[in-house]
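Participant: coords below, sequence missing:
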C-alpha cells in the first residue's frame with residue numbers, strides 16, 4: 001500500500017486541478033485557470049503563433065505545450081443563436097483545415113449562460129494537437145476561448161479544460 005501511495009504522489013503533485021480565479025474584459029468575465037499557467041512571453045507568442053494578433057489573455061504552462069487564450073470579437077449574437085454560431089465556426093474551420101477531426105460539439109448551460117463549444121484534433125508541424133474552443137456572449141458580442149495542448153497531454157488536461165469552462169461567469 002505504501003508503494004502505491006508513493007507512486008501516486010508525483011501524479012498528484014503535478015495535478016492541474018489547483019485553480020485560481022481570474023477576471024477578464026474589465027471584470028465582465030470571471031473564470032478559474034490552473035495556478036501553474038502563466039502569461040505567455042512575447043517571444044514564445046511570436047514563435048508559436050507567428051504574425052497572428054495577440055489576444056488579451058494568453059496563458060501557457062512552463063513548456064508551452066498547454067495554452068489558453070481569450071479574445072473578444074465584434075461578432076454580435078444572442079444566447080439563442082449559440083448553436084448556429086458553433087455550427088458556423090466549425091464549418092469555417094473545416095474549410096480552412098483539412099486535417100480537422102471533430103470530437104465533440106454543442107451548447108451547454110454554465111452559470112445560467114449558454115456556452116457553445118467544440119473539441120477537435122488538428123495537426124501542427126510535427127504532432128497532433130487537442131483543441132477545445134468555447135464561446136460565450138457578453139454584452140451582445142461573442143467572446144472566444146481557445147484551449148489547446150499536444151495530443152500526448154490530452155488525458156491529463158481535458159478534464160481541467162472542462163473545469164475551466166464550467167467556471168465561466170459573466171457579470
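Facilitator: Perfect, I can see it now. What you see is a predicted model; the values in this text were computed from it and never measured. Numbering: from 1, shown residues only.

Participant: Just the residues contacting the strand or helix carrying residue 159, thanks.
Facilitator: Secondary structure assigned from DSSP states H and E places residue 159 in helix 154-166. Identification of contacts with helix 154-166 by CB atoms under 8 Å, 6 or more residues apart in numbering yields 16-17, 19, 31-34, 66, 68, 108, 110, 115, 117, 119, 130, 132, 134, 145, 147, 149. Bear in mind the C-beta positions are built from the backbone N, C-alpha and C, glycine included.

Participant: If any of those residues are buried, put those into a PyMOL selection.
Facilitator: Restricted to buried positions by 16 or more other CB atoms under 10 Å, the PyMOL selection for the contacts of helix 154-166 reads:
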select buried, resi 16+19+31+32+33+34+66+68+110+115+117+119+130+132+134+145+147+149
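
Participant: Next secondary structure after the helix or strand of the chain with the lowest mean pLDDT?
Facilitator: Ranking every helix and strand in the chain by mean pLDDT, DSSP states H and E puts helix 2-13 at the bottom, with a mean of 38. The helix or strand immediately downstream of helix 2-13 is strand 19-24, counting by DSSP H and E.

Participant: Partner strands of the host helix or strand of residue 31 and their direction?
Facilitator: Using DSSP H and E, residue 31 maps to strand 29-34. Take DSSP bridges as the rule and strand 29-34 pairs in its sheet with strand 19-24 (antiparallel), strand 169-170 (antiparallel).

Participant: Sweet, I'm off.
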